[in-house]
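Q: Predicted model follows, preceded by the sequence.
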Amino acid sequence: MFTKEDLAQIEAHGATLAEVETQLKNFREGFPPLAVVRAASCGDGIRRLDGERLERAVARYERAADGLKVVKFVPASGAATRMFKDLFEFVREGRRSPVVEELLARRTQFAFWPELERLAGAGADERTLVSDIVTEGLCYGETPKGLVAFHRYGEEVRKAVEEHLVEGAQYAASRGEVAIHFTVSPEHRERFEALLAERIPRYEARYGVKYRISFSEQRAATDTLAVNPDCTPFRRDDGRLLFRPAGHGALIGNLGELDADLIFVKNIDNVTTDCRRGPTVLYKKALAGLLLELQERMFEYLMALEVPGAELEPIAAFIERELCVKLPADYNTALLRSVLDRPIRVCGMVRNEGEPGGGPFWVASGDGLETLQIAESNQIAPEKRELMRAATHFNPVDLVCGIRTSKGERFDLRRYVDPATGFISRKSSGGRELLAQELPGLWNGAMARWNTVFVEVPAETFSPVKVVTDLLRPEHQGDAC
């Protein structure tokens, strides 16, 4: 099936023949559905933090923060093409969707309006204005979301990446430093670096912190082979194989290389304005404090299990009640140790109000455990889709992660990925249909074997921007503060 030239290309891409053959097998056989038992809910896998409990968790984090290596991890790769899909259609075909109508009617309310008006000129017609947003002028159709102007405060305009600087100063500072790690596409990295170099001094002076910014890119070695609809390797017009980026699950290696005791994970577009950020800051600290409490007890119990004859019942009770892992009746010391000796994440969950995204579920694993996982609809068998429709909460990607062992070393996060949770989608290249394969999602199958705790967080902590007119929502109108 593969020529000498193919093998050389595979090797040059950083992959192995065994990995490519596994991908081909996945295309042929598909991925099994997740063994979902039921949706998690408040009191059954999702906890609420009442006033006193919330305050205690926040205080726990604030006491510890200066003694920790804290990093804010922000996936920021890729252009914002889907955000401007309707605008592209208007420019190409003149189709006036509701998104285009709203954008034109409320154009002056966008943070990017002053710059757009200067570029297009005061008398520009509607087609020119929209074209200057996505293709000419602002060129936002080829720009990462992080570099799109999101909010305006009087004369000050902030891009999405800047709001992460502000957030970081308010909940991720340690000893006066704020470490933020962005994953970016190679072709956009220079623009991120230039913008941050220009703007960081402003925010350091404003918040009295020093920023430590780092970047990484999705490695080519994590790309997956594309295939034809008959599952044979897809070849370009020149006969070479086609490899495609395999989704955000490829970033588990980037996450695992961070030198951090505590990692906040949040998407680039999920930011809000200064006057609405209070709940976000509060609950980020609370999630971190809860993680530290649980991790401390996990380490204590691991130490206790080193002593022969350790009492197992209290440890098992902690695992079931606090870590939400359902154990088999015949558990033993080895099983308890294996459950405790894992990375841990505490995930905020928002009440389901119709927003897109995966949700929190109880899932049966092959080792006899029931654990909490974040599942997407494409991971659930058709006959169980009613479980997703009945879910009370969804995943806003609001995570705090602990990736150190009880000995202070970093876990090898690749060991905790469930490789059976990837998925296959239909794409095209050069007008030809193909099948693409994505790795287990970063907060889905890539973290399937972590200890996972779900906490209900307020809807105010979730303000994503999926289409351009989401920037007209109150949570993105800085001038309304």
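A: Good, I have the coordinates.

Q: Show residues contacting stretch 323-333.
A: With Cβ atoms under 8 Å, 6 or more residues apart in numbering as the contact definition, stretch 323-333 has outside contacts at 45, 294, 298, 305, 310, 312, 316, 319-320, 335-336, 339, 344, 362, 368-372, 451-454. Using the backbone N, CA and C atoms, a C-beta is placed for each residue, glycine as well.

Q: sorry, that was for stretch 30-44
A: 46, 48, 349, 359-365, 370, 372-373, 375, 379-381, 384, 387-388, 390-393, 420-424, 454, 456.

Q: again, 7 Å this time
A: 46, 48, 359-364, 370, 372, 375, 379-381, 384, 387, 390-392, 420-424, 454, 456 (Cβ atoms under 7 Å, 6 or more residues apart in numbering).

Q: Now which of those residues would you call buried?
A: Applying 16 or more other Cβ atoms under 10 Å to these, the neighbour count classes 46, 359-363, 370, 372, 375, 379-380, 384, 387, 391-392, 421-424, 454, 456 as buried.

Q: where does the chain dip in pLDDT?
A: With pLDDT under 70 as the threshold, the chain has low-confidence stretches at 354-357, 480-481.

Q: What helices and strands are in contact with the helix ranked longest in it?
A: Among the elements of the chain assigned as helix by DSSP state H, the one spanning the most residues is helix 278-304. In terms of contact count using 3 or more Cβ pairs under 7 Å, 6 or more residues apart in numbering; DSSP states H and E, helix 278-304 is assigned the packing partners helix 51-64, helix 160-171, helix 313-321, helix 333-340, strand 344-351, strand 398-402, strand 451-456.

Q: most packed of these?
A: When these are scored by mean count of other Cβ atoms under 10 Å, the highest mean neighbour count falls to strand 398-402 (a mean of 25).

Q: what pairs with that one, and is each one parallel or antiparallel?
A: Taking DSSP bridges as the criterion, strand 398-402 forms sheet pairs with strand 262-266 (antiparallel), strand 344-351 (antiparallel).

Q: As CSV, those strands with distance to Trp113 would be great.
A: As requested, those are arranged in CSV below (distance: least, Cβ to Cβ, whole Å):
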stretch, distance to Trp113
strand 262-266, 27
strand 344-351, 30
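
Q: Between these, which one is closest to Ile213.
A: Proximity of the strands paired with strand 398-402 to Ile213 was assessed by Cβ to Cβ; the nearest stretch is strand 262-266, lying at 14.7 Å.

Q: Which residues does the closest one contact?
A: In this structure, residues lying in contact with strand 262-266 by Cβ under 7 Å, 6+ apart are 68, 70-74, 172, 255, 284, 288, 397-403.

Q: Next: stretch 165-176.
A: Here stretch 165-176 makes contact (Cβ under 7 Å, 6+ apart) with 65-66, 68-70, 72, 178, 180, 200, 203, 207, 209-211, 264, 271, 277, 280-281, 284-285.

Q: if we can go back for a sec, which ones among the buried ones among the contacts of stretch 30-44 map onto strands?
A: 46, 359-363, 370, 372, 375, 423-424, 454, 456 (DSSP state E).

Q: so where do the helices sit in this structure?
A: For the chain, helices defined by DSSP H occupy the ranges 4-12, 17-29, 51-64, 85-93, 98-105, 113-120, 126-134, 160-171, 189-207, 252-256, 278-304, 313-321, 333-340, 385-389.

Q: Could I get the contacting residues of Ala111?
A: By Cβ under 7 Å, 6+ apart, the contact set of Ala111 is 149-152, 157, 471, 478.

Q: Which members of the residues you listed define the maximum pairwise distance?
A: Across the contacts of Ala111, the two members that end up farthest from each other (Cβ to Cβ) are Val157 and Leu471, 12.0 Å apart.

Q: For the closest residue to Ala120 other than its chain neighbours, give me its contacts.
A: Taking Cβ to Cβ, 6 or more residues apart in numbering as the measure, Ala120 lies nearest to Asp132, with 4.5 Å between them; neighbours along the chain are not counted. Contacts were defined as Cβ under 7 Å, 6+ apart; by that measure Asp132 touches 116, 119-120, 138.

Q: Show me which of the residues you listed is closest to Ala250.
A: Sorting the contacts of Asp132 by how near they are to Ala250, with Cβ to Cβ, puts Leu138 at the top with 29.1 Å.

Q: Quick check, that closest one in contact with Phe110.
A: No: at 10.4 Å, Leu138 does not count as touching Phe110 under the criterion of Cβ atoms under 7 Å.

Q: Which one's more surrounded, the two?
A: Higher neighbour count among Leu138 and Phe110: Phe110, with 24 against 21, using other Cβ atoms under 10 Å.

Q: quick one: the residue nearest to the more buried one when sequence neighbours are not counted from Arg199, how far?
A: Ranked by Cβ to Cβ, 6+ apart and with sequence neighbours excluded, the top spatial neighbour of Phe110 is Leu471, at 6.0 Å. Here the distance between Leu471 and Arg199 works out to 19 Å (Cβ to Cβ, to the nearest Å).

Q: higher neighbour count, the two?
A: Neighbours around Leu471 and Arg199, counted as other Cβ under 10 Å, are more numerous at Leu471. The numbers are 24 against 16.

Q: ok now do that one, which residues does it touch?
A: Leu471 is in contact with 110-111, 150, 465, counting by Cβ under 7 Å, 6+ apart.

Q: Could you tell me which of those are located in strands?
A: Cross-referencing the contacts of Leu471 against strands under DSSP E gives Phe150.

Q: Next one: Ala172 relative to Ile319, how far apart?
A: Noted for Ala172: a distance of 29 Å to Ile319, by Cβ to Cβ.

Q: What of Ile374?
A: Look at Ile374 and Ile319: by Cβ to Cβ, they are 20 Å apart.

Q: nearest spatial neighbour of Thr222, skipping sequence neighbours?
A: Spatial nearest neighbour of Thr222, chain neighbours left out: Ala250 (3.6 Å); criterion: Cβ to Cβ, 6+ apart.

Q: Please disregard the earlier target; I meant Tyr301.
A: For Tyr301, the closest residue by Cβ to Cβ, 6+ apart turns out to be Ile315, at 4.8 Å.

Q: wait, Ala246 sits on Leu439?
A: Yes: under the criterion of Cβ under 7 Å, Ala246 makes contact with Leu439 at 4.4 Å.

Q: Between the two, point out the one with more neighbours.
A: The residue with more neighbours, out of Ala246 and Leu439 and counting by other Cβ under 10 Å, is Leu439; that gives 25 against 20.

Q: The closest residue in space to that one that isn't next to it in sequence: what's it in contact with?
A: Excluding its sequence neighbours, the residue lying closest to Leu439 (Cβ to Cβ, 6+ apart) is Gly249, at 3.7 Å. Counting by Cβ under 7 Å, 6+ apart, Gly249 touches 438-442, 445-446.

Q: try 6 Å
A: The contact partners of Gly249, by Cβ atoms under 6 Å, 6 or more residues apart in numbering, come to 439-442, 446.

Q: could you dump these to CSV with distance to His13?
A: What follows is these, written out as CSV (distance: Cβ to Cβ, whole Å):
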residue, distance to His13
Leu439, 15
Pro440, 20
Gly441, 22
Leu442, 21
Ala446, 21
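
Q: which of those residues has the most neighbours?
A: Most neighbours among those, by other Cβ under 10 Å: Ala446, with 28 neighbours.

Q: which residues sit in contact with that residue?
A: Contacts were defined as Cβ under 6 Å, 6+ apart; by that measure Ala446 touches 249, 252, 417, 440.

Q: Can you get me a residue count around Glu438?
A: Tallying neighbours of Glu438 according to other Cβ under 10 Å, which is how burial is gauged here, yields 22.
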